[in-house]
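Q: A predicted structure for the sequence below; I have some questions about it.
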Amino acid sequence: MVKIRFGYVSHALSLYECSPARTLTFTRWKAMDKEERYQKLLEVTGINLRNTLRMLYYNIANEIEVYRMSSSIVPLATHPDVLWDFRTPFKKELREIGELVKKHNLRVSLHPNQFTLFTSPKETITTNAVKDMQYHYDLFEGMGIHDRTIINIHVGGAYGDKTEALKRFYENIKQLPYHVKERMSLENDDKTYTAEETLEVCRNERIPFVFDYHHHQANLSERSLTELLPDIFQTWSHLDLIPKVHLSSPKSEKEFRSHADFVDPAFIRPFFDAAREVGQDLDVMIEAKQKDKALHQLVGDLSKIRGVKRVAGATIIW
């Protein structure tokens, strides 16, 4: 018997005008005068933080305890020509979000974009990756929850030679400050690094592994899922966090790697069957286009399976 909590990514589509990722492009920012630039940064960030707070209250009301915040809350936070101090003017708002997370024991995370990686032969890519990881850490630190959260990235590209790329990963990751690395996780991807290969990196660097089942099906390992899962879950043992996984299903057979609007229970059922054999409680991030709506539908669908009991809005016992 395992307890499984479900969460969704960034936007609660059930809410009106609730984007936490409103943007301000550098081109637009550059066209403004100095005072207007700053005021616009404050305006956009303020809206994103308010909408993040709205979604946390929505999650609490719907008993959704797992949530991925948007990486785009603070516009131009890492742009070399901007690099503005967002924590000072929003100290109160950031703390309010953090206190709510702690009070209701929510599990929140961040997922930088695909350009935040440590396998590139270009020094600038690694330098930017360090800056981006630091920004995500600073955002959580401003909320006062940096010691209970995770920043998840992929291993990166192969650049024509996966062995050399992994050597660069081990070398480049040394540039990441220790306190930031302590809060990072790695995820297998759908084209390059399999679950088995990602697991090896996680073990070598003592990094927790966020397993993505959809990616695994698109990029299979030599070892079977039942063999891999116990070792994958073990990578979380040094943290006070239960293992986390990503679930989605293909848009179509032709577009297998693309995420569908909702999650097909039949597609993910083999994962749950294998995970139950391990007997490990899990937190599941649903990566479907319909976000929270997909979560509600999937939890409802799974609850109809014999042996599954829904114990909260987004939590089941199986």
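A: Nice, I can see it.

Q: Where does pLDDT dip in the stretch 201-318 of the chain?
A: Within the stretch 201-318 of the chain, no stretch has pLDDT under 70.

Q: buried residues in the longest helix anywhere in the chain?
A: In the chain, with assignment by DSSP state H, the single longest helix is helix 34-61. Under the neighbour-count criterion of 16 or more other C-beta atoms under 10 Å, helix 34-61 has 37, 40-41, 44-45, 47-49, 51-52, 54-56, 58-60 buried. Just so you know, the C-beta spots here come from the backbone N, C-alpha and C atoms, and that holds for glycine as well.

Q: ok, those vs Ser258, which is closest?
A: Set against Ser258, the nearest of the buried residues of helix 34-61 by C-beta to C-beta is Met55 (24.6 Å).

Q: returning to that earlier point: quick one: which of the buried residues of helix 34-61 is nearest Glu277?
A: Proximity of those to Glu277 (C-beta to C-beta) peaks at Asn59, which lies at 30.1 Å.

Q: The closest one: what's it in contact with?
A: By C-beta atoms under 8 Å, 6 or more residues apart in numbering, the contact list for Asn59 reads 12, 65, 67, 106.

Q: now Met143
A: 94-95, 97-98, 101.

Q: Just the buried ones out of the residues you listed, please.
A: Buried subset of the contacts of Met143 (neighbour count, 16+ other C-beta under 10 Å): 94, 97-98, 101.

Q: Grab the two from these that are most spread out in space.
A: Largest separation among those by C-beta to C-beta: Leu94 and Val101, giving 10.8 Å.

Q: all strands of the stretch 51-200 of the chain, in order?
A: Here the stretch 51-200 of the chain has its strands, by DSSP state E, counting those that start in this stretch, at 66-68, 107-110, 150-154, 184-187.

Q: Return the residue of the protein that is most distant from the centre.
A: Going by C-alpha atoms, centre = their mean, the residue of the chain most distant from its centre is Asp33, 35.5 Å out.

Q: and the gap between that one and Leu41?
A: 13 Å (C-beta to C-beta, to the nearest Å).

Q: before we move on, what about Tyr137?
A: According to C-beta to C-beta, Tyr137 and Leu41 sit 20 Å apart.

Q: Same check on Pro208?
A: Look at Pro208 and Leu41: by C-beta to C-beta, they are 33 Å apart.

Q: again with Thr235
A: 38 Å.

Q: Return the member of the buried ones among the contacts of Met143 nearest to Phe271.
A: Distances from Phe271 to those, taken as C-beta to C-beta, are shortest for Val101 (27.5 Å).

Q: tell me the pLDDT at the closest one?
A: Val101 is assigned 98 on the pLDDT scale.

Q: got the CA coordinates for stretch 117-133 in CSV?
A: Taking Å, rounded to 0.1, in the frame of the first residue of the first chain, the C-alpha atoms of stretch 117-133 are listed here in CSV:
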residue,chain,number,x,y,z
LEU,A,117,22.6,22.6,-18.3
PHE,A,118,26.2,21.6,-17.5
THR,A,119,27.3,19.5,-20.5
SER,A,120,28.0,22.3,-22.9
PRO,A,121,31.5,22.8,-24.3
LYS,A,122,30.8,26.6,-24.2
GLU,A,123,31.8,28.3,-21.0
THR,A,124,29.1,30.9,-21.4
ILE,A,125,26.4,28.2,-21.2
THR,A,126,27.8,26.9,-18.0
THR,A,127,28.2,30.4,-16.5
ASN,A,128,24.6,31.2,-17.4
ALA,A,129,23.4,27.9,-15.9
VAL,A,130,25.1,28.8,-12.6
LYS,A,131,23.4,32.2,-12.7
ASP,A,132,20.0,30.7,-13.4
MET,A,133,20.3,28.1,-10.7
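
Q: Show the backbone phi and psi for the residue farthest from the centre of the chain.
A: Taking degrees, to the nearest 10, you get phi -80, psi 170 for the backbone angles of Asp33.

Q: Go through the strand ranked longest in the chain and flag the buried ones.
A: In the chain, assigned by DSSP state E, the strand with the most residues is strand 3-9. In terms of neighbour count (16+ other C-beta under 10 Å), strand 3-9 has its buried residues at 4-9.

Q: hey, C-alpha coordinates of it in PDB?
A: In PDB, the C-alpha atoms belonging to strand 3-9 read as follows (Å, rounded to 0.1, in the frame of the first residue of the first chain):
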ATOM      1  CA  LYS A   3       0.300   7.000  -0.600                       C
ATOM      2  CA  ILE A   4       0.500   9.100  -3.800                       C
ATOM      3  CA  ARG A   5       0.100  12.900  -3.900                       C
ATOM      4  CA  PHE A   6      -0.500  14.600  -7.200                       C
ATOM      5  CA  GLY A   7       0.400  18.100  -8.400                       C
ATOM      6  CA  TYR A   8       0.500  20.200 -11.500                       C
ATOM      7  CA  VAL A   9       2.700  22.800 -13.200                       C
END
